[in-house]
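Visitor: following is a predicted model, sequence given first.
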Amino acid sequence: MKKRCCLILVILFVALVGCEKANNKTTAPTDSSESSSESEQIEVTDNTEDTKATEDRQNHKDYMSGDVDIDESINSNLKIGDGEEFQFAEWVDEEKTVFHIALQFIEQPENEYQHSRDYLFVKDKDGSIISFDVDYPSKKDYGADRYVNDACGFDVQYMDVNFDGEKDILIFLGYITTAGSYHNCAYIYQDGDFVYTPSFEQIACFELLEDEQLIEGSYNSGGEHVVQKYEYQDGEFVMVSEERESY
């Protein structure tokens, strides 16, 4: 009888030890699984944050104008390239018709401006948005269209320079110090678009002569003060008179 009791006790003891070991084996994978799940959850959270940051950059939330239509155009058309970053944004006119976004190089190229490109968003009379971007040539390419001279702030003006009743876009291109003059590039409004018109860049220190429907330009050269008058003809600014006076 004692032997049978001892045998039963031994069997129970072995069974209990076996259950404990089985429980330990079951618990370990559960802990590992929970740990793995937590790790995976952290990775998913991080990826979500990265995705949100990317979406925010793509939506250009920092550059919004506050105008619903212009902001929609910004989201659709503003592209910041590799090596570029946001520089500043501003309304060009008091009526808040033209919104200007400037981009700059992250690392300024040698002998170049930090400024890289401009985006313009214009609300047309019918409520549609006209958008376009403006880039600039290397300073090594002297004489190229939209060449940027000294002390340039890339200021934008919105005014009618060809006297057709529609406002145009001008961008300041800096000073030619040897001639004591400054220049602008012009985008002339034509049928719902702004057309780049290189001939405006030859006009130094422009002044609008409303009564004559002409543009006057002036500069100094070789001991002379030069005054030129231009007329807008067939999509170009053409010089119609020139006067030189020694000083």
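Guide: Okay, I see it.
Visitor: switch to C-alpha atoms for all contacts and neighbour counts from now on
Guide: OK.
Visitor: what about residue 71, which SS state?
Guide: With DSSP: H, G, I helix; E, B strand; the rest coil as the basis, residue 71 sits in helix.
Visitor: any idea how many residues pack against it?
Guide: Neighbour count for residue 71, taken as other C-alpha atoms under 10 Å: 21.
Visitor: list the contacts for it?
Guide: Counting by C-alpha atoms under 8 Å, 6 or more residues apart in numbering, residue 71 touches 64-65.
Visitor: and it, how close does it get to residue 176?
Guide: Shown here: residue 71 relative to residue 176, a distance of 36 Å by C-alpha to C-alpha, to the nearest Å.
Visitor: and for residue 198?
Guide: Taken as C-alpha to C-alpha, the span from residue 198 to residue 176 is 17 Å.
Visitor: the residue positioned nearest the centre of the chain in helix, strand or coil?
Guide: Closest residue to the average C-alpha location of the chain: residue 103 at 4.7 Å, with C-alpha atoms, centre = their mean. Following three-state DSSP, we place residue 103 in the strand state.
Visitor: and it, what does it touch?
Guide: 80, 84-88, 115-118.
Visitor: let's see it at 6 Å
Guide: For residue 103, the contacting residues are 85-87, 116-117, by C-alpha atoms under 6 Å, 6 or more residues apart in numbering.
Visitor: for it, give the beta-bridge partners.
Guide: In this entry, residue 103 is beta-bridged to residue 86, residue 117, by DSSP bridges.
Visitor: again, but for residue 226
Guide: Assessed by DSSP bridges, residue 226 has beta-bridge partners residue 219, residue 244.
Visitor: surely it touches residue 217?
Guide: No - between residue 226 and residue 217 there is no contact under C-alpha atoms under 6 Å: 8.2 Å.
Visitor: these two: which has the busier surroundings?
Guide: Neighbours per residue (other C-alpha under 10 Å) separate residue 226 from residue 217, with residue 217 holding more: 22 against 17.
Visitor: which of the three states applies to the more buried one?
Guide: With three-state DSSP as the basis, the three-state label of residue 217 is strand.
Visitor: and the pLDDT for it?
Guide: Residue 217 carries a pLDDT score of 97 in this model.
Visitor: how about the strands in the chain?
Guide: Secondary structure of the chain by DSSP state E: the strands cover 84-91, 98-105, 115-123, 129-135, 156-159, 168-176, 181-190, 193-196, 207-209, 214-221, 224-233, 236-246.
Visitor: now those in a markdown table, with distance to residue 63?
Guide: What follows is the strands of the chain, written out as a markdown table (distance: least, C-alpha to C-alpha, whole Å):
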| stretch | distance to residue 63 |
| --- | --- |
| strand 84-91 | 6 |
| strand 98-105 | 8 |
| strand 115-123 | 11 |
| strand 129-135 | 15 |
| strand 156-159 | 17 |
| strand 168-176 | 20 |
| strand 181-190 | 23 |
| strand 193-196 | 22 |
| strand 207-209 | 33 |
| strand 214-221 | 35 |
| strand 224-233 | 35 |
| strand 236-246 | 34 |
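Visitor: so which of the ones you listed is nearest residue 142?
Guide: Closest approach to residue 142 among the strands of the chain (C-alpha to C-alpha): strand 168-176, 11.9 Å.
Visitor: packing partners of that closest one?
Guide: Using 3 or more C-alpha pairs under 6 Å, 6 or more residues apart in numbering; DSSP states H and E, the elements in contact with strand 168-176 are strand 156-159, strand 181-190.
Visitor: where are the low-confidence patches of this structure?
Guide: Low-confidence segments of the chain, defined by pLDDT under 70, are located at 1-60.
Visitor: let's see it at 80
Guide: Along the chain, segments meeting pLDDT under 80 span 1-62, 178-180.
Visitor: just name the most buried of the helices and strands packed on strand 168-176.
Guide: For the helices and strands packed on strand 168-176, the largest average neighbour count (mean count of other C-alpha atoms under 10 Å) is found in strand 181-190, namely a mean of 22.
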